[in-house]
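Undergrad: This is a predicted model, with the sequence first.
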Amino acid sequence: MKFGTKTIHAGVSPDPTTGAIMTPIYQTSTYVQRSPGDHQGYEYSRTHNPTRSALQSSIAALENGKHGLCFASGMAATDCIIKMLKPGDEVIATNDLYGGTYRIFTKVFQEYGIKFQFVSMADISTIDQYVTEKTKMVWVETPTNPLLNIIDIKGAAEICQRRNLLLVVDNTFSTPYLQTPLDLGADIVMHSLTKYMAGHSDVVMGAIVVKDDELAERLAFLQNACGGTPGPQDCFLVLRGIKTLHIRMQRHCENGRKIAEYLRQHPKVGKVFWPGLQDHPNHQIAQDQMRDFGGMISFELKDDQIQAAIQVLEKLHYFALAESLGGVESLCGHPATMTHASIPQVERLKGGLSDSLIRLSVGIEDVEDLIADLEQAIG
Ligand SMILES: *Cc1c(COP(=O)(O)O)cnc(C)c1O
């Protein structure tokens with residue numbers, strides 16, 4: 001089955017009792033048993049729910065995995081993955097991680113004796129230097145936020161296989177439409193379904209996909225034991241969103257390219273960060289591991305001041321000023337004062353995140369309207 005067919009058909013089948021073509025929202029906590037232990041595979045909805053099962057199978061198929069697990073948020077999925085570790089274990093993570101991931105690692109799990117090292121993965125062989133006998137896991141996010149750096153997943157997988165480490169890839173920005181990390185050798189794919197997968201800015205959810213049966217069993221045990229599972233209504237919304245993932249992503253990518261090219265020739269715009277640009281520092285890796293380059297773009301203003309960026313953001317009309325990304329509507333944000341405000345300015349600038357940097361989540365509107373909006377706002 002090809003990708004676009006999978007988004008519509010994988011994991012779902014007509015409801016056996018009525019023939020309903022759409023998977024019903026099984027709004028139930030428990031299931032009647034004929035005799036103690038004699039049931040139809042469902043006992044209690046924290047453990048299993050048919051709406052969730054359909055979504056889990058759908059996402060597993062899209063990622064070319066075998067097992068999917070869904071969670072109440074992306075953070076709950078991350079929480080489940082790290083709970084496989086024990087005090088004393090070490091994790092090597094991308095240095096420019098999603099802020100919430102950095103926070104749960106340093107403010108929650110470090111307190112439980114798990115050690116995290118944050119490493120620039122621009123040159124993937126750097127990982128090797130940080131591996132100790134306690135290292136258990138490598139955590140990669142690519143493209144990164146908001147600078148859209150690309151990390152070589154295959155390169156990371158080779159090191160992890162040689163060193164016997166688990167490789168986790170946060171695939172939220174790319175979605176399986178753009179890249180399938182399990183095919184490149186990753187062990188675990190993690191998602192915030194809140195973003196492109198659900199795609200309509202109306203739900204918060206997360207997921208994990210793996211191929212390995214034993215790994216799936218451990219994660220499913222933790223999912224049920226710790227209980228960060230989503231409700232069936234939210235699972236339904238994500239299932240519905242996924243049916244148009246391929247056509248939404250196609251348009252996000254097309255609009256992304258046109259806007260990146262527009263910004264690049266604008267006299268008031270400085271650097272433009274989009275992995276599809278020939279001169280993006282990781283363009284070749286992006287070309288090798290991604291099928292297209294997505295709708296996330298960041299850019300600097302030549303007038304590199306916070307105030308200049310704020311003026312542009314206040315004038316934008318179709319690009320709504322909001323956190324999050326990946327919905328059908330375009331969003332804009334200012335990392336220096338919003339998502340990355342807690343990082344001291346010196347550190348922020350050292351990491352290449354300038355005062356005027358604006359991040360766009362390019363939606364699927366008509367691109368002419370989006371460009372006209374940028375034109376009137378940048379001036
Ligand atoms: C949003 C996001 C998360 C966290 O997901 P939630 O659904 O908000 O809990 C993790 N990683 C990335 C890359 C994200 O964008």
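TA: Structure's in. What do you need?
Undergrad: Quick one: name the residues of the stretch 101-250 of the chain near the ligand.
TA: Within the stretch 101-250 of the chain, the positions adjacent to the ligand are 101, 141, 145, 170, 172-173, 192, 194-195, 204, 206 by CB under 6 Å from any ligand atom. No exception for glycine: its C-beta is placed from N, CA and C like everyone else's.
Undergrad: one more time with 8 Å
TA: 101, 141, 145, 170, 172-173, 190-195, 204-206 (CB under 8 Å from any ligand atom).
Undergrad: all strands of the stretch 1-150 of the chain, in order?
TA: For the stretch 1-150 of the chain, strands defined by DSSP state E, counting those that start in this stretch occupy the ranges 67-71, 90-94, 115-119, 135-141.
Undergrad: can you state the direction angle for the last one and strand 115-119?
TA: Relative orientation of strand 135-141 and strand 115-119, computed by axes from the mean of the first three to the mean of the last three CA atoms, to 10 degrees: 40 degrees.
Undergrad: and strand 135-141 with strand 90-94, angle?
TA: Using the same axes, to 10 degrees: strand 135-141 against strand 90-94 is 20 degrees.
Undergrad: Summarise which helices and strands strand 135-141 is packed against.
TA: Counting contacts by 3 or more CB pairs under 8 Å, 6 or more residues apart in numbering; DSSP states H and E, strand 135-141 packs against strand 90-94, helix 153-163, strand 166-170.
Undergrad: now the first one
TA: With contacts defined as 3+ CB pairs under 8 Å, 6+ apart, the secondary structure elements packing on strand 67-71 are helix 50-62, helix 74-82, strand 206-210, helix 213-226.
Undergrad: Now for the residue of the stretch 1-150 of the chain found nearest the ligand, how many residues are close by?
TA: Closest residue of the stretch 1-150 of the chain to the ligand, CB to the nearest ligand atom: residue 74 (2.2 Å). As a burial measure, residue 74 scores 24 neighbours (other CB atoms under 10 Å).
Undergrad: quick one: it and residue 197 touch, right?
TA: No: counting by CB atoms under 8 Å, residue 74 does not reach residue 197; the two are 10.0 Å apart.
Undergrad: which residues are common contacts for the two?
TA: Common neighbours of residue 74 and residue 197, counting by CB atoms under 8 Å, 6 or more residues apart in numbering, are residue 191.
Undergrad: Contacts only, for the residue in the stretch 101-250 of the chain that the ligand sits nearest to.
TA: Relative to the ligand, the nearest point of the stretch 101-250 of the chain is residue 192 (3.0 Å; CB to the nearest ligand atom). The contact partners of residue 192, by CB under 8 Å, 6+ apart, come to 73-75, 77, 98, 170, 172, 205-206.
Undergrad: From those, which one has the minimum pLDDT?
TA: The pLDDT minimum for the contacts of residue 192 sits at residue 98, where the score is 90.
Undergrad: pull the helix or strand with minimum mean pLDDT from the protein.
TA: helix 345-350 (a mean of 87; mean pLDDT, DSSP states H and E).
Undergrad: Can you dump the C-alpha atoms of the helix or strand following that one in PDB for me?
TA: Downstream of helix 345-350, the next assigned helix or strand under DSSP states H and E is strand 358-361. Only the C-alpha atoms of strand 358-361 are listed here, as PDB (Å, rounded to 0.1, in the frame of the first residue of the first chain):
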ATOM      1  CA  ILE A 358      10.800  34.900  13.200                       C
ATOM      2  CA  ARG A 359       9.500  31.300  12.900                       C
ATOM      3  CA  LEU A 360       6.700  30.500  10.400                       C
ATOM      4  CA  SER A 361       4.500  27.500  10.300                       C
END
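Undergrad: Give me the mean pLDDT for strand 358-361.
TA: Rounded mean pLDDT across strand 358-361 is 98.
Undergrad: Just the residues contacting it, thanks.
TA: Taking CB under 8 Å, 6+ apart as the rule, strand 358-361 contacts 145-146, 259, 295-301, 309, 312-313, 319, 324-327, 330-335, 339.
Undergrad: wait, what's in contact with residue 286?
TA: Residue 286 makes contacts with 143, 150, 275-276, 280, 293, as judged by CB under 8 Å, 6+ apart.
Undergrad: ok so, going back, as TSV, the strands of the stretch 1-150 of the chain with mean pLDDT and mean neighbour count would be great.
TA: Output for these, formatted as TSV (pLDDT from 0 to 100; neighbours: other CB atoms under 10 Å):
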stretch	mean pLDDT	mean neighbour count
strand 67-71	98	24
strand 90-94	97	23
strand 115-119	96	17
strand 135-141	98	23
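Undergrad: possible to save those as TSV with distance to residue 37?
TA: TSV is the format used below for these (distance: least, CB to CB, whole Å):
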stretch	distance to residue 37
strand 67-71	24
strand 90-94	39
strand 115-119	43
strand 135-141	36
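Undergrad: of all those strands, which lies closest to residue 8?
TA: strand 67-71 (16.6 Å; CB to CB).
Undergrad: from the helices and strands packed on strand 67-71, which stretch is densest packed?
TA: When the helices and strands packed on strand 67-71 are scored by mean count of other CB atoms under 10 Å, the highest mean neighbour count falls to strand 206-210 (a mean of 28).
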